[in-house]
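**Q** can't give you the sequence, but here's the structure:
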Ligand code: GH3
Ligand code: MG
Ligand code: MG
């Protein structure tokens, strides 16, 4: 059984780890895919930037602003070139210069919508644009939101070692959403697997609880809640009898109780008596309903105290003698007789030791009942 439980735990752990691994692998794949996609898009933007820069520097000799201002046809030509790079994702491609006040104004705009006119001011993130101006270095920002990818690529246009303007390429798409959607079925599969797995574990736990309950019921007496003979059989081979003293306890003239007050009254007495006994013994003592109105008590005695069972038996006898059982307003008094086997280790086995206690109990009955006998 234990071996079976160990295998179960191993299998469950293995499935758990596999699911976790699957989940993290999908997450990894998603981030790799997104990263890869971003790189492609950035490289594409850089390629566009390089081409546009090349186109400008071949026609502009000294100053981008003044030369473009004087040559509207050149503006048209370059804007035409820039607009050729516009796609459904690279929607805005424009070049701004910084005026004397530090504001940014249009030089060229290849965008097909919201087109900016020459010299018209545009509000931008000045801090960022100024940084590109002074550092002379390109800048890329990428933002992956839940369902959108935003990217801005800023490239300084350098003529004769001086930044004349900045080229901006804006990219936006819902490609992230696409990745998310394609991975969704995988996530859902894992979720369903996980839920099924939890249900299986739940069923296994319920089964384990039920089987434990059945097991407990099969060794417990329903009327008195004491252990039954099945239990005695089960422990008889494993229990170390030298650690116990054994006593058999029997209700005196119990038949009379049944005959006088009825069988149900007898049942009530048996159940109440069990409660009293249970309260007077310790957890590691064994308490078994041995026969109809006969109980077997195995008193744990590891310290080899010769008198421990005798003392408990005497206390029990006295307590029962003094107790009044109240059954449906009737006061019932009983007494008990007890036979003890103080040295069970002297016998071949547990059953022989019990037999001796039974003999002592018989003597107690012979001697008039309501008595404890431990030696013949
Ligand atoms: P003694 O003092 O010699 O032990 O006399 P006794 O009457 O107690 O012993 P006897 O063996 O003659 O009778 C035992 C009675 O216990 C007979 C039986 O009907 C009754 N009995 C056994 N099991 C149960 C039970 O579960 N419920 C009830 N109410 N009575 C039971
Ligand atoms: Mg009896
Ligand atoms: Mg009896």
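**A** On my side now, so go ahead. Just so it is clear, the model here is predicted, and its values are computed rather than measured. Ligands and ions are numbered 1, 2, ... in the order given.
**Q** max-length helix in the protein?
**A** Longest helix in the chain, counting residues (DSSP state H): helix 2-59.
**Q** which secondary structure elements does that one contact?
**A** helix 72-83, strand 90-98, strand 139-144, strand 149-159, strand 162-173, helix 175-218 (3 or more Cβ pairs under 8 Å, 6 or more residues apart in numbering; DSSP states H and E). To be clear about C-beta, it is placed using only N, CA and C from the backbone, and glycine gets the same treatment.
**Q** now those as CSV including mean pLDDT, mean neighbour count and distance to residue 260?
**A** Below are those laid out as CSV (pLDDT from 0 to 100; neighbours: other Cβ atoms under 10 Å; distance: least, Cβ to Cβ, whole Å):
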stretch, mean pLDDT, mean neighbour count, distance to residue 260
helix 72-83, 96, 15, 113
strand 90-98, 95, 22, 103
strand 139-144, 86, 14, 89
strand 149-159, 93, 20, 92
strand 162-173, 93, 21, 95
helix 175-218, 88, 12, 32
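**Q** chain center to the helix or strand bottoming out on mean pLDDT in the chain, what's the gap?
**A** Ranked by mean pLDDT, DSSP states H and E, the weakest helix or strand in the chain is strand 139-144, scoring a mean of 86. Centroid displacement of strand 139-144 relative to its chain, using Cα atoms, centre = their mean, to the nearest Å, is 37 Å.
**Q** now stretch 72-90
**A** On Cα atoms, centre = their mean, the centre of stretch 72-90 falls 58 Å from the chain's centre.
**Q** Can you list the neighbours in contact with it?
**A** 41, 44-45, 48, 51-52, 55-56, 59, 67-68, 93-95, 107-112, 118, 169-173 (Cβ atoms under 8 Å, 6 or more residues apart in numbering).
**Q** dump the residue contacts of the closest residue to residue 175 other than its chain neighbours.
**A** Spatial nearest neighbour of residue 175, chain neighbours left out: residue 149 (5.4 Å); criterion: Cβ to Cβ, 6 or more residues apart in numbering. Counting by Cβ under 8 Å, 6+ apart, residue 149 makes contact with 37-38, 41, 142-143, 171-176.
**Q** picking up where we left off before, ok, the least confident helix or strand of the chain: who's next to it in the sheet?
**A** Strand pairing for strand 139-144, using DSSP bridges, gives strand 149-159 (antiparallel).
**Q** how far away is the residue lying closest to residue 136 once chain neighbours are set aside from ligand 2?
**A** Ranked by Cβ to Cβ, 6+ apart and with sequence neighbours excluded, the top spatial neighbour of residue 136 is residue 156, at 5.3 Å. Per Cβ to the ion, to the nearest Å, residue 156 is found 109 Å from ligand 2.
**Q** Hmm, residue 166 and residue 156 touching each other?
**A** Yes: counting by Cβ atoms under 8 Å, residue 156 does reach residue 166; the two are 5.6 Å apart.
**Q** Need the residues touching each of the two.
**A** With Cβ under 8 Å, 6+ apart, residue 156 and residue 166 have common neighbours 132-133.
**Q** one step back: what's whichever helix or strand comes after the longest helix of the chain packed up against?
**A** Note on helix 2-59: by DSSP states H and E, the next helix or strand toward the C-terminus is helix 64-70. Applying 3+ Cβ pairs under 8 Å, 6+ apart, we find helix 64-70 packed against helix 72-83, strand 90-98, strand 104-109, strand 162-173.
**Q** The same query, at a cut-off of 7 Å, please.
**A** strand 104-109, strand 162-173 (3 or more Cβ pairs under 7 Å, 6 or more residues apart in numbering; DSSP states H and E).
**Q** Give me the buried positions along the first one.
**A** Pointing back at strand 104-109 there. Within strand 104-109, the residues that count as buried by 16 or more other Cβ atoms under 10 Å are 104-109.
**Q** Nearest to ligand 2 among those residues?
**A** residue 104 (108.8 Å; Cβ to the ion).
**Q** Just the pLDDT at that closest one, thanks.
**A** On the pLDDT scale, residue 104 is placed at 97.
**Q** Counting neighbours, what do you get for residue 116?
**A** Residue 116 is flanked by 18 other residues according to other Cβ atoms under 10 Å.
**Q** Not counting sequence-adjacent ones, nearest residue to residue 128?
**A** In space, residue 128 is closest to residue 139, 6.8 Å off (Cβ to Cβ, 6+ apart).
**Q** Repeat that for residue 323.
**A** residue 276 (6.7 Å).
**Q** again with residue 82
**A** Nearest residue to residue 82 in three dimensions, chain neighbours excluded: residue 110, at 2.7 Å (Cβ to Cβ, 6+ apart).
**Q** can I see the domain layout of the protein?
**A** Taking automatic domain parsing as the criterion, the chain consists of the domains 2-177, 229-373.
**Q** The last one spans what distance, first to last residue?
**A** Looking at domain 229-373, the gap from its leading to its trailing residue is 24 Å under the measure Cα to Cα, to the nearest Å.
**Q** In stretch 244-260, which residues are buried?
**A** Buried residues in stretch 244-260 (16+ other Cβ under 10 Å): 244-252, 254, 257-258.
**Q** Between the two ends of it, how far is it?
**A** One end of stretch 244-260 sits 37 Å from the other (Cα to Cα).
**Q** one step back: any idea how far the residue nearest to residue 323 is from residue 260?
**A** 21 Å (Cβ to Cβ, to the nearest Å).
**Q** Since that was my last question, I'll sign off now.
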